[in-house]
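*Asks:* just need the structure, nothing else, for what follows:
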Amino acid sequence: MEQTHIEKEIAKFSVTDAAIAGLNNQYSHLTINGIEDKQGYLAVREARLVVKNKRVEVEKKRKELTADALAVQRAINEEAKRITGLLEPLEDYLKTQEDNYNKEKERLKKEQEHVEQALIASRAKMLLEIGFIFDGLKFSANYHYKGTENSPDYMSYTEELYPHNLKDYSEDRFNEVYAHCYLRHQEKQNYLAEEKRKQEELEAKIEAERKAEAERLEAERQKQLAKEAEERRVEQEKLAIQRAEQETERKRLEAIAREQAEKEAALKAEQERLSKIKEEAERPTLVISQEQVTVEEQEPDFDEVSENIVVHRIISIDRDYILNYINNYFSITEDQIQESLKTIDHRLDDVIGQLIKESINEHRDY
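*Replies:* Predicted coordinates:
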């Protein structure tokens, strides 16, 4: 009905599609052939004015038709506003009632969800505490312990629960499953605790043995170190004694060398002195020979002649013996040197005594 009313209102326009098509057929071919084509110009202008008049006629008709429509629209809008003002309070009241219901329903739903989530979380916590594992899909527990599958004491129990089971299970049903799993868990924990205790005892025993062996090895090492240190100390003491003995020997030899040098110097001086005495002893003989004087013609000095003879005999008889003692000096010990010097002194005494006796006897023969 509304569409028919609109069609009727549109039909009030006098310029139809057919009239417009006629105008197109009549004027669309018109052209102006240059600035000199006045006839063409007038024809085009006249056609344009005809089309313009048609357009102005359409615009007037539009304003005429829409003026009535706007009046109707205003009346309709005012009436609608009045009716709406009457309906809105009732609608708002009813909407408030409906919203309150929906809010309470949503609150109760969220509260239930919260209770269910808390129940699931609580039950999940209980399951995790007794060995369950959640893989993102389900909770599962495998209570396997005590040996292998074929051993007599083999024990194994498996349980699987999904999140909706935690929500849907009644308190009694869940407690029944939990109690059974808790018992298996405790048995497994007791078994594992005993195994752990045995393992710890074994490890403690091994550690104690290792520690004892380490202490024994350390004691042996310390004993060996002490032994080596004592050996080094004894060796160092020996070396120190050897060095001290060597130093003492060096000093003793230096003293002996000095003493020997002094003795050699004294012996040399004595040899020079004896040499001079020998020369003095030989000189009178030479004088007697040169002057061809006989012994009987002179009165010799008995003591001087005896001394010269003794000295000459000592030098000629025992010089090599004394030198041999001196040359062998460094190959004998100090005690042996002292003993040798005593022997030399005794020997000299014996020789001198013998020579004196011989000289006296010779002198008496003269």
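
*Asks:* which helices and strands does the helix or strand where A124 lies pack with?
*Replies:* Using DSSP states H and E, A124 sits within helix 38-129. Using 3 or more CB pairs under 8 Å, 6 or more residues apart in numbering; DSSP states H and E as the contact test, the elements touching helix 38-129 are helix 17-27, strand 139-145, helix 163-168, helix 171-291. Glycine gets a C-beta too; all of them are placed from N, C-alpha and C.

*Asks:* adding distance to T96 and mean pLDDT, write the ones you listed out as a markdown table.
*Replies:* Output for these, formatted as a markdown table (distance: least, CB to CB, whole Å; pLDDT from 0 to 100):
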| stretch | distance to T96 | mean pLDDT |
| --- | --- | --- |
| helix 17-27 | 55 | 83 |
| strand 139-145 | 45 | 78 |
| helix 163-168 | 34 | 86 |
| helix 171-291 | 39 | 85 |
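
*Asks:* out of those, which comes closest to A80?
*Replies:* Smallest distance to A80 across the helices and strands packed on helix 38-129 (CB to CB): 35.4 Å, for helix 17-27.

*Asks:* looking at the helices and strands packed on helix 38-129, which is closest to N102?
*Replies:* Per CB to CB, nearest to N102 of the helices and strands packed on helix 38-129: helix 163-168, 24.3 Å.

*Asks:* what packs against that closest one?
*Replies:* Taking 3+ CB pairs under 8 Å, 6+ apart as the contact cut, helix 163-168 packs with helix 38-129.

*Asks:* and the next helix or strand past the helix it packs on?
*Replies:* strand 133-134.

*Asks:* burial measure for L108, as a count.
*Replies:* Neighbour count of L108, defined by other CB atoms under 10 Å: 10.

*Asks:* could you do Y191 as well?
*Replies:* 15.

*Asks:* do the one 5 residues further on as well
*Replies:* The number of residues packed near K196 is 11, by other CB under 10 Å.

*Asks:* repeat for H29
*Replies:* 7.

*Asks:* in a helix, it, correct?
*Replies:* No - going by DSSP: H, G, I helix; E, B strand; the rest coil, the assignment for H29 is coil, not a helix.

*Asks:* OK, contacts around the closest residue to L119 other than its chain neighbours?
*Replies:* Leaving aside its chain neighbours, L119 sits nearest to K167 (6.5 Å; criterion: CB to CB, 6 or more residues apart in numbering). Counting by CB atoms under 8 Å, 6 or more residues apart in numbering, K167 touches 116, 119-120.

*Asks:* my guess is L119 contacts L166. True?
*Replies:* Yes - counting by CB atoms under 8 Å, L119 does reach L166; the two are 7.0 Å apart.

*Asks:* more crowded one of the two?
*Replies:* L166 (19 against 15).

*Asks:* quick one on the thing from earlier: how far is the helix holding A124 from where the chain is centred?
*Replies:* Relative to its parent chain, helix 38-129 has a centroid offset of 75 Å by CA atoms, centre = their mean, to the nearest Å.

*Asks:* what angle sits between that helix and helix 17-27?
*Replies:* Between helix 38-129 and helix 17-27, the angle comes out at 130 degrees (axes from the mean of the first three to the mean of the last three CA atoms, to 10 degrees).

*Asks:* please renumber so the chain begins at 278
*Replies:* Sure, I'll start counting at 278 from here, so that last one is helix 315-406.

*Asks:* let's test this: mean pLDDT of helix 315-406, rounded?
*Replies:* Helix 315-406 carries an average pLDDT of 86.

*Asks:* what about E557, how many residues nearby?
*Replies:* That count, for E557 with other CB under 10 Å as the rule, works out to 13.

*Asks:* give me the distance between it and A489.
*Replies:* 98 Å (CB to CB, to the nearest Å).

*Asks:* looking at the helices and strands packed on helix 315-406, which is buried most?
*Replies:* strand 416-422 (a mean of 18; mean count of other CB atoms under 10 Å).

*Asks:* could I have the helix or strand following that one exported to PDB, CA atoms only?
*Replies:* Downstream of strand 416-422, the first helix or strand assigned by DSSP H and E is strand 432-438. Presented in PDB, the C-alpha positions along strand 432-438 are these (Å, rounded to 0.1, in the frame of the first residue of the first chain):
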ATOM      1  CA  MET A 432      52.900 -53.100  42.600                       C
ATOM      2  CA  SER A 433      51.300 -50.800  40.000                       C
ATOM      3  CA  TYR A 434      48.100 -48.700  40.000                       C
ATOM      4  CA  THR A 435      47.100 -46.100  37.400                       C
ATOM      5  CA  GLU A 436      44.300 -43.500  37.700                       C
ATOM      6  CA  GLU A 437      43.100 -40.800  35.200                       C
ATOM      7  CA  LEU A 438      40.800 -37.900  35.900                       C
END
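
*Asks:* so what secondary structure elements neighbour strand 432-438?
*Replies:* Against strand 432-438 (3+ CB pairs under 8 Å, 6+ apart) you get strand 416-422, helix 448-568.

*Asks:* confidence score at P429?
*Replies:* The model reports P429 with a pLDDT of 51.

*Asks:* kindly report the same for I599.
*Replies:* 52.

*Asks:* any chance of the helices and strands packed on strand 432-438 in JSON lines with distance to H623 as columns?
*Replies:* Putting the helices and strands packed on strand 432-438 into JSON lines (distance: least, CB to CB, whole Å) gives the following:
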{"stretch": "strand 416-422", "distance to H623": "111"}
{"stretch": "helix 448-568", "distance to H623": "18"}
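
*Asks:* residues touching stretch 313-332, excluding its own?
*Replies:* Residues outside stretch 313-332 that contact it (CB under 8 Å, 6+ apart): 292, 296-297, 300, 303-304, 307-310.
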